[in-house]
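Student: Prediction below, plus the sequence it came from.
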Amino acid sequence: MLKNIPTLTHQQQQEAVEKIQALMANGISSGVAITEIAHELYANHVGERISLY
């Protein structure tokens, strides 16, 4: 089960994708880039969160 997932607006999702793409353009693997941005989102998100079963 996934718990405490930040909910993101479309704009926030787009910004996350752009950050991931920028990291990948600098030679970071997609998995590492996604993990880094996910950690950033979890650490800095203020707002609603959901849990998935």
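Tutor: Cool, the structure landed. Residues are numbered from 1 along each chain as shown.
Student: how much space between the residue nearest to residue 49 when sequence neighbours are not counted and residue 19?
Tutor: The shortest distance from residue 49 to any residue that is not its chain neighbour, by C-beta to C-beta, 6 or more residues apart in numbering, is 4.9 Å, and that residue is residue 4. Just so you know, the C-beta spots here come from the backbone N, C-alpha and C atoms, and that holds for glycine as well. Here the criterion is C-beta to C-beta, to the nearest Å. By it, residue 4 lies 21 Å from residue 19.
Student: Give me the more crowded residue out of the two.
Tutor: Under the neighbour definition other C-beta atoms under 10 Å, residue 4 and residue 19 were set side by side, and residue 19 has more, 16 against 9.
Student: pLDDT value on the residue nearest the centre of the chain, please?
Tutor: The C-alpha lying nearest the average C-alpha coordinate of the chain belongs to residue 38 (C-alpha atoms, centre = their mean; 3.5 Å). The per-residue pLDDT reported for residue 38 equals 92.
Student: now swap in the one 4 residues further on and tell me
Tutor: Among the per-residue scores, residue 42 shows a pLDDT of 86.
Student: any idea what it is structurally, helix, strand or coil?
Tutor: The three-state label for residue 42, taken from DSSP: H, G, I helix; E, B strand; the rest coil, comes out as helix.
Student: which residue sits closest to it, ignoring its sequence neighbours?
Tutor: residue 6 (6.5 Å).
Student: so what's the one you found bridging to?
Tutor: Here residue 6 sits in beta bridges with residue 49, going by DSSP bridges.
Student: ok so, going back, what about the residue nearest to the centre of the chain, which helix or strand?
Tutor: The secondary structure element spanning residue 38 is helix 30-44 (assigned by DSSP states H and E).
Student: buried residues in that helix?
Tutor: Taking 16 or more other C-beta atoms under 10 Å as the neighbour-count basis, helix 30-44 is seen to contain the buried residues 33, 34, 37, 41.
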